[in-house]
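[1] Here's my sequence, what's the structure:
(chains A, B and C)
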Amino acid sequence: MNHAAFIIPAYVLTVAGLVGLLVHSWLAMRAAERAADEMRKR
Amino acid sequence: MHRFANPARFLRIARAVTPWLVLPGLAITAAALYIGLFASPPDYQQGDSVRIMYVHVPAAWLGSGGYLGLAIASLTALVWRHPLANVAGRAIALPGALFTAICLVSGSLWGKPTWGTYWVWDARLTSMLVLLFLYLGYLALSAAESDRPEARGAAILSLVGTINLPIIKYSVEWWNTLHQGPSITVTKNAIAPEMLLPLLLSVAGFSLLFAGIVLMRMRTELATTRVAVRSRRLAEAHA
Amino acid sequence: MKAKHQRLTLAIGALVALGGAGALGLSTLGDSATYFYAPSDVAKKPPAKGEAIRLGGLVEMGSVAHAGAATVAFVVTDNAKTVPVRYTGIVPDLFREGQGVIAEGRFDERGMFVADTILAKHDEKYMPPEVAGTLHKVPGTVG
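    You can find the predicted model right below:
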C-alpha cells in the first residue's frame, strides 16, 4: 500500500487547521485590540 | 486565586507572553514535522505510515489536555466566580475541538494502511469521538448563553463531560480494543529514541501554539467586551 | 466566603456523584464495550451457533498456511488457548506471524473460525528496522 497517500493528507490537514486557526485568532485579536485602543483615545 | 482577577494585569502579562509562545511554537513545530517527515526512520512493522504519529499524538494530547483545562476553567468559574475563568474556557474550546478533530482524522488516515480500516467502533475511537461532541456542545451552549453572563449551562456541561477523560485514557486497558495500549507510561518507553525526538518536539511545539492561540482568543474577547461596555456607557451619557 | 464554600462543597459533591454514576454505568457496560474476544474468552463462553463475533489475539508463529489463491489459514493464540481461522481475501499489510490480529466471522460446525474480515492490530512498540533486525536475532525479544 502506498503510504504517502495517507501521510500527505494527514500532514496537510493538520498544518492547514493549525495555521488557519492561528492566523484567524491573530487577525481577530489585532482588530479587537485596535478597536479598543481607538475607543480609549476618543 | 484573584491575583490575576484584574483583567488589566492579566492583559499586561498576556501581551508580553503571547509572542514567546507563538514564535518558538512555530519554529519547534516546523522542525518537528520536518524531522518526522524526512529525517526519521520508518517503523520496523508499519513502514513510513508511522510518520502520521508526529501529528496524531500531539493532537490527541491537546484535545484531551485542552479539555482538562476547559473543565478546570469551568470549575473555577462556577465555584470562585473568577472573572477570567469563563473567558479562558471559551478560548480553549475551539482549539481543543480542532485538535480533537485532527486527532480523529489523522488517526483514521493512519488506521487504513496499518489496521486495514479507517474506523471501528472500539472503546478508544468512540470515546475520542464523544470528546469532540462534548467540545461542540460546549461551543454551541456558550454561544447561546453569550448575552447572559450569569448563565452556567456550558460550564456545567463541560464539568459533566470530564467523566470521559479517564474513559479515553484507560479505554485501551479496560476493554479489548483495536487501538494499541500506551507506548509511554511512567515506567516504560516503547518508542526508539530517533522517533521519540520528533514526537516530543511536536508535542512541545503544538502545546506552545495551543497556549498562544488561547491567549490570543482571551485577549480578543476582553478587548471586544471593553468596546461593548464603553459604547454602552457613551450611549447612556448621550441619552 | 460562606457562599464560596457552599459552592465548593456542592461542586465536589456533584463531581463525586458524577464519578459514581460513571463507574456504575461503566460496570454495566462491561463486556458489551469490548471490541473482540480472545481465544480464552471464547473457550469460557462459546458464542451461539452461527453468531458473528470478533476474535482477537496473536497470529501463532509458524501457523500461517496458504490454501489456494486467496485463502489463508492460521491460528490465533492468546498464549493460553488457540483457535484455528480460515480467511479468503486480501489481508492487511501488517498481517504477519507473531503480530496482533482481529478476525470478524463465525465458527463453523467443525470448530474452525471462518473470517470475512481481517484487521491487523499492532503493538505499542515503535523502532527502526535496523534496531528490530538486531533484536530479532535474540529469539523472543520482539513479539
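[2] What segments of chain A are helices?
    Counting by DSSP state H, chain A has these helices, from start to end: A:4-41.
[3] again, but for chain B
    B:7-38, B:53-80, B:85-114, B:123-144, B:153-161, B:164-174, B:193-238.
[4] now for those, which one comes closest to residue C:99?
    Minimum separation from residue C:99 across the helices of chain B (Cβ to Cβ) falls at helix B:85-114, 10.6 Å. Backbone N, C-alpha and C define where each C-beta goes, glycine included.
[5] Report the angle between the closest one and helix B:193-238.
    Helix B:85-114 and helix B:193-238 are oriented at 150 degrees to each other (axes from the mean of the first three to the mean of the last three Cα atoms, to 10 degrees).
[6] centre of the chain versus helix B:85-114, how much separation?
    6 Å (Cα atoms, centre = their mean, to the nearest Å).
[7] before we move on, what about stretch B:200-214?
    Centre-to-centre, stretch B:200-214 and its host chain are 9 Å apart (Cα atoms, centre = their mean).
[8] quick check, it touching chain A?
    Yes - on the criterion Cβ under 8 Å from any Cβ of the partner chain, stretch B:200-214 is in touch with chain A at B:206, B:209, B:212-213.
[9] For stretch B:153-169, the averaged confidence score.
    Mean pLDDT, computed over stretch B:153-169, is 93.
[10] list the buried ones in that stretch?
    Neighbour counts over stretch B:153-169 (16 or more other Cβ atoms under 10 Å in any protein chain shown) mark B:154-155, B:157-165, B:167-168 as buried.
[11] Domain boundaries for chain C, per the record?
    Segmentation of chain C into domains, based on automatic domain parsing, reads C:2-31, C:34-121.
[12] For the last one, measure first residue to last.
    If I follow you right, that is domain C:34-121. Start and end residues of domain C:34-121 are separated by 15 Å (Cα to Cα, to the nearest Å).
[13] So which of the helices of chain B is nearest residue A:42?
    Nearest to residue A:42 among the helices of chain B is helix B:193-238; the distance by Cβ to Cβ comes to 8.5 Å.
[14] could you give the mean pLDDT of the closest one?
    Helix B:193-238 shows a mean pLDDT of 94 in the predicted model.
[15] Distance of the closest residue in space to residue B:139 that isn't next to it in sequence relative to chain A?
    When the adjacent residues along the chain are set aside, residue B:139 lies closest to residue B:93, with 5.1 Å between them (Cβ to Cβ, 6 or more residues apart in numbering or on different chains). Taking Cβ to the nearest Cβ, to the nearest Å as the measure, residue B:93 and chain A are separated by 12 Å.
[16] how many other residues sit next to residue B:93?
    The tally of other residues near residue B:93 (other Cβ atoms under 10 Å in any protein chain shown) stands at 29.
[17] measure it to residue B:28 for me?
    Distance of residue B:93 to residue B:28, computed by Cβ to Cβ, to the nearest Å: 24 Å.
[18] how about residue C:57, what does it touch?
    Contacts for residue C:57 were tallied using Cβ atoms under 8 Å, 6 or more residues apart in numbering or on different chains; they are C:38-39, C:76-78, C:83, C:100-101.
[19] try residue B:177
    Applying Cβ under 8 Å, 6+ apart, the residues near residue B:177 are B:122-125, B:171, C:35.
[20] Test my guess that residue B:230 contacts residue A:39.
    Yes - the pair residue B:230 and residue A:39 qualifies as a contact (Cβ atoms under 8 Å) at a distance of 5.1 Å.
[21] how close does the residue lying farthest from the centre of chain B sit to chain C?
    Distance from the C-alpha centroid of chain B, by Cα atoms, centre = their mean, peaks at residue B:239 (44.8 Å). Between residue B:239 and chain C the computed distance is 35 Å (Cβ to the nearest Cβ).
[22] Next: residue B:188.
    Applying Cβ to the nearest Cβ to residue B:188 and chain C gives a distance of 9 Å.
[23] Local confidence estimate at that residue?
    pLDDT, residue B:188: 88.
[24] what does residue A:7 give?
    Model confidence at residue A:7 (pLDDT) stands at 96.
[25] How about the contacts made by it?
    Residues near residue A:7 by Cβ under 8 Å, 6+ apart: B:37, B:48-49, B:51-52, B:109.
[26] Keep only those that also lie close to chain A.
    Counting by Cβ under 8 Å from any Cβ, B:37, B:48-49, B:51-52, B:109 from those sit close to chain A.
[27] which of the residues you listed tops the neighbour count?
    Busiest of the ones next to chain A among the contacts of residue A:7 [other Cβ under 10 Å] is residue B:51, holding 29 neighbours.
[28] And for the residue lying closest to residue B:124 once chain neighbours are set aside, the neighbour number?
    Spatial nearest neighbour of residue B:124, excluding adjacent residues (Cβ to Cβ, 6+ apart): residue B:179 at 3.9 Å. Using other Cβ under 10 Å, residue B:179 has 19 neighbouring residues.
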